[in-house]
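1. Build me a model:
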Amino acid sequence: MNQQPARRPIQPSDLCELKAVGSVTMHPDSVSVVYSITWPDLETDTNRSQLYVHSNGVGVEGSAVQLTYGHHDSAAAFSPQGDKMVFIRRAPDQPAKIMMLDWASRQLTEIVSFVDGVNDLTWIDETRLAVLAPRRPEDQMGIDDEELNRRPRVVTHLDYRFNGRGWTHDRPVQPAIIGLGSDVATVNYLSDTGSERGYDMGATDHGAMGVSPDGSLIVVTAGSDEDRDLTGANHIWVHPIDGSQESRRLTETGGRWNAVTWHPEGTIIAVGSTDALRPGFSRPYRFDVDSAEHAVLGPHDVNASPVIGVSGGLACVSGGVLLSGPRRGAVDVDRYGLDDGSMTTPVAGKFQVLAFDSSSDGSRIVASITSPDRPAELWEYRGDSATRLVRLNDELLDQLDLAVPESVSIPSSDGVMVEAFVIRPPASVKPRFDSSNDAGANDDAQSDHKWPGLVYVHGGPMSQYGHCFFDEFQMAAAEGFVVIAGNPRGSDGYGEQWAQAVVGTMGTIDWDDVTAITDHLEAQSDVDDARIGIGGGSYGGFMASWAIGHTNRYKAALVERAVTTWPSMVGTSDIGSPFVPAMVGADPDLNPEELIKQSPLTYAANIETPTLILHSEQDWRCPIEQAEQLFAAIRRNGVEVTLARFPGENHELSRSGSPKHRLERFELVHDFFRRHLG
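-> Model prediction:
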């Protein structure tokens, strides 16, 4: 009888062997499904993506059949008849290309390229596409990047750069129409047509779009007010594609709209908020095209999230619309009724949906789903039936001994229950005994061993930890740490009141919740309460730096891509002007004391904890000066502090940075915590 080989702990090098399903697109026949498979490619030091098709049939598990072989292919979209498919192809240091695949012959054709990328594309009819793409001014066309980077950048608004996009002041995202009727595709920007647009369309960023069923109108979101950079507000506009009529604005006041599309039944659906200055949940709204009257689809206390990879961010079905819904560590798929505003949840479980698409009647939903023990795979849902259509990573996962998160409910200081997830080292991890332990202990036994502990706080703060494959925690558990990752007040998934609880009170009740989470970790029988560290990124980095300025209980701290001081954040972050006053609850100019009070840097003189600060040099969300100021303050204290700067990376380093940098980041973090927590 063959004995199965022993499983081993996961290693950072395994990161580049794990693949995941990204975008998902269903063919109009409601049978074939095109999806992307993504992976970090160490050889090219880039993140790759290629398109595959599942066509084995409804409810049938099948193998991955590869369609494309580009460097990074994604965002597939089918023509109305389903005989053609377009997608976006990207490669390092090359313009983004729109490619077209003939569905029957699989013949591939390049349609057009855009030097600064393509944000979105959708079909108008069989011969036209609508796209959103950054557009350079005419006097920059044909000028090489070295010369463009030499020239001074002259800006007049605060939204002149954006995390992940870089400099945006002279290349706003514009809607354009691509004609496919001849041998050479034509590209016509709507801002060049003759009708009155109602705002400076050619100088304004556009965020989402949808096309009317008859192909005559396009709906877009645009930051069309003069003070949009101060408020973060945008509007919803309807434009005639041929320029024969004036454009119309559907929103009276600026809101916070992050998705919009045109439902086949004739109404416009937008996801967002009517109040740009109030931090809170996004919800779906139905807009009447002629009167601009609108109504929210139900009072549901769920943060409706746009669909990744679907044009406009919405999946329309008969009589309704599908959206992602985060709740209690999971991400489900919710269906909102157009007429009665009802909400049902056709896809739910202890997992997270990352992307999905649906048949036109909503009876079949295909989704990219990740669970705690598996990266995202392709699943199908029909009524009460769920089928995994494509499995990935089986050969590697069969070798790995992965940690299994345990959900716990913890009382905070005021009795409010906070959910957290405990991730313990799997059985294959050998205890590392130090001088404080029994030298005669059995190295193969975990039963009486006390592990060091790590408290992690997520970013956002309106985000959540939960039921997904998270490499960060798997790697930490494999290193011999017990991790606790909580969703304190301010998190998503527990209702809008919970998410808004930290507005104007940063570092108070959220800190109470993190303290309670730490207490719970220290009370575990297998945790050494003298060896507890804390870490987090973005808002999680805010909380880690806040923690070590208010207590010495943590023996080491990881502060990553953090907000450390609101007064400078308001003027340097790409979203600083609207975000900071909204979250801190104070006008930066009229009440600067409140920003100082809620800043971790204010309390940095108290820090005695060894600290590792990680930051990306092109992080425009939380600019690197936030890290530099904390680094200097802790250094002046005479406390051990290390600043690791990652060139060429932005705020998304740990999630989508270069594979080499991600591996080097793991090495830095694990070496730091090993040295200070044993």
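2. Could you use CA atoms for every contact and neighbour count after this?
-> Noted.
3. Stretch 139-157: which residues count as buried?
-> The neighbour-count check on stretch 139-157 (16 or more other CA atoms under 10 Å) flags nothing as buried.
4. thinking in terms of the whole chain, how far from its middle is it?
-> Per CA atoms, centre = their mean, to the nearest Å, the displacement of stretch 139-157 from the mean C-alpha position of its chain is 30 Å.
5. And stretch 623-631, by the same measure?
-> Counting by CA atoms, centre = their mean, stretch 623-631 is centred 23 Å from the centre of its parent chain.
6. Enumerate the positions of it that are buried.
-> Pro623, Ile624, Glu625, Gln626, Ala627, Leu630, Phe631.
7. Helices - which of those land there?
-> Those of these mapping onto helices are Glu625, Gln626, Ala627, Leu630, Phe631, per DSSP state H.
8. which residues does Ser273 bridge with?
-> Per DSSP bridges, the residues bridged to Ser273 are Arg256.
9. show me what contacts it?
-> Contacts for Ser273 (CA atoms under 8 Å, 6 or more residues apart in numbering) come out as Gly255, Arg256, Trp257, Gly280, Phe281, Ser282, Arg283.
10. ok, the first one touching Thr274?
-> Pointing back at Gly255 there. Yes - assessed by CA atoms under 8 Å, Gly255 is found in contact with Thr274 at 4.3 Å.
11. Need the max-distance pair from the ones in helices among the buried residues of stretch 623-631.
-> Between any two of these, the greatest separation by CA to CA is 9.6 Å, found for Glu625 and Phe631.
12. All the helices of the stretch 351-500 of the chain, residue numbers only.
-> 394-397, 471-478, 496-500 (DSSP state H, counting those that start in this stretch).
13. could those helices go into JSON lines alongside mean neighbour count, mean pLDDT and distance to Asp242?
-> Output for these, formatted as JSON lines (neighbours: other CA atoms under 10 Å; pLDDT from 0 to 100; distance: least, CA to CA, whole Å):
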{"stretch": "helix 394-397", "mean neighbour count": "12", "mean pLDDT": "97", "distance to Asp242": "51"}
{"stretch": "helix 471-478", "mean neighbour count": "22", "mean pLDDT": "98", "distance to Asp242": "49"}
{"stretch": "helix 496-500", "mean neighbour count": "19", "mean pLDDT": "97", "distance to Asp242": "42"}
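14. returning to what we had before: among the buried residues of stretch 623-631, which one lies nearest to Asp574?
-> Relative to Asp574, the closest of those is Pro623; by CA to CA it sits at 8.6 Å.
15. Now the closest one: closest residue in space, sequence neighbours ignored.
-> Once flanking residues are discounted, Pro623 sits nearest to Ser573: 6.1 Å by CA to CA, 6 or more residues apart in numbering.
16. for that neighbour, phi and psi?
-> phi -80, psi 150 (degrees, to the nearest 10).
17. dump the residue contacts of it.
-> Counting by CA under 8 Å, 6+ apart, the residues that Ser573 touches are Trp620, Arg621, Cys622, Pro623.
18. measure it to Thr565 for me?
-> For Ser573, the distance to Thr565 under the criterion CA to CA, to the nearest Å works out to 11 Å.
19. So which residues of the stretch 151-300 of the chain form helices?
-> Under DSSP H, counting those that start in this stretch, the stretch 151-300 of the chain gives helices at 228-231.
20. show me where it has strands.
-> Secondary structure of the stretch 151-300 of the chain, counting by DSSP state E, counting those that start in this stretch: strands at 161-162, 166-167, 173-179, 186-189, 206-211, 217-222, 235-240, 248-249, 256-262, 268-273, 283-287, 294-296.
21. helices and strands around the longest helix along the chain, which ones?
-> The single longest helix within the chain, with elements called by DSSP H, is helix 659-677. Packed against helix 659-677 by the contact rule (3 or more CA pairs under 8 Å, 6 or more residues apart in numbering; DSSP states H and E) you find strand 527-537, strand 556-560, helix 653-656.
22. Now Ala544. Nearest residue, chain neighbours left out?
-> Per CA to CA, 6+ apart, closest to Ala544 is Gly535, 5.5 Å.
23. What residues does the one you found make contact with?
-> Counting by CA under 8 Å, 6+ apart, Gly535 has contacts Leu454, Val455, Tyr456, Val457, Gly541, Ala544, Ala557, Leu558, Val559, Glu560.
24. and those residues, which are buried?
-> Leu454, Val455, Tyr456, Val457, Gly541, Ala544, Ala557, Leu558, Val559, Glu560.
25. got a markdown table for those, with pLDDT and distance to Val131 too?
-> Output for the buried ones among the contacts of Gly535, formatted as a markdown table (pLDDT from 0 to 100; distance: CA to CA, whole Å):
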| residue | pLDDT | distance to Val131 |
| --- | --- | --- |
| Leu454 | 98 | 45 |
| Val455 | 98 | 43 |
| Tyr456 | 98 | 40 |
| Val457 | 98 | 38 |
| Gly541 | 98 | 37 |
| Ala544 | 98 | 41 |
| Ala557 | 99 | 45 |
| Leu558 | 98 | 41 |
| Val559 | 98 | 39 |
| Glu560 | 98 | 35 |
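26. and which of these is nearest Asp334?
-> Scanning the buried ones among the contacts of Gly535 for proximity to Asp334, where the rule is CA to CA, the winner is Val457, at 27.0 Å.
27. May I have the beta-bridge partners of that closest one?
-> Bridge pairing for Val457 - DSSP bridges - gives Gly486, Gly536.
28. Contact partners for it?
-> Ala485, Gly486, Asn487, Val514, Gly535, Gly536, Gly537, Tyr539, Gly540, Gly541, Met543, Ala544.
29. Looking at the helices of the stretch 351-500 of the chain, which is nearest to Lys430?
-> From the helices of the stretch 351-500 of the chain, taking CA to CA, the stretch that ends up closest is helix 471-478, at 9.2 Å.
30. What is that closest one packed up against?
-> Checking 3+ CA pairs under 8 Å, 6+ apart, helix 471-478 ends up next to strand 417-423, strand 482-486.
31. Let me see the mean pLDDT of the last one.
-> Here strand 482-486 scores 98 as its mean pLDDT.
32. now what about that strand, what contacts it?
-> Residues from elsewhere that reach strand 482-486 (CA under 8 Å, 6+ apart): 418-425, 451-458, 465, 473, 476-477, 514, 517-518, 521, 527.
33. Neighbours of Gly70, how many?
-> 15 (other CA atoms under 10 Å).
34. about what we covered before: possible to save the contacts of Val457 as TSV with distance to Ala582?
-> As requested, the contacts of Val457 are exported to TSV (distance: CA to CA, whole Å):
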residue	distance to Ala582
Ala485	26
Gly486	24
Asn487	21
Val514	22
Gly535	25
Gly536	22
Gly537	20
Tyr539	14
Gly540	18
Gly541	19
Met543	18
Ala544	21
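35. Show the buried residues in the residues you listed.
-> Using 16+ other CA under 10 Å, the buried members of the contacts of Val457 are Ala485, Gly486, Asn487, Val514, Gly535, Gly536, Gly537, Tyr539, Gly540, Gly541, Met543, Ala544.
36. and the second one, how far is that from Val455?
-> It refers to Gly486. For Gly486, the distance to Val455 - CA to CA - is 8 Å.
37. And the last one, by the same measure?
-> From Ala544 across to Val455, the span is 9 Å (CA to CA).
38. Nothing else from me, thank you.
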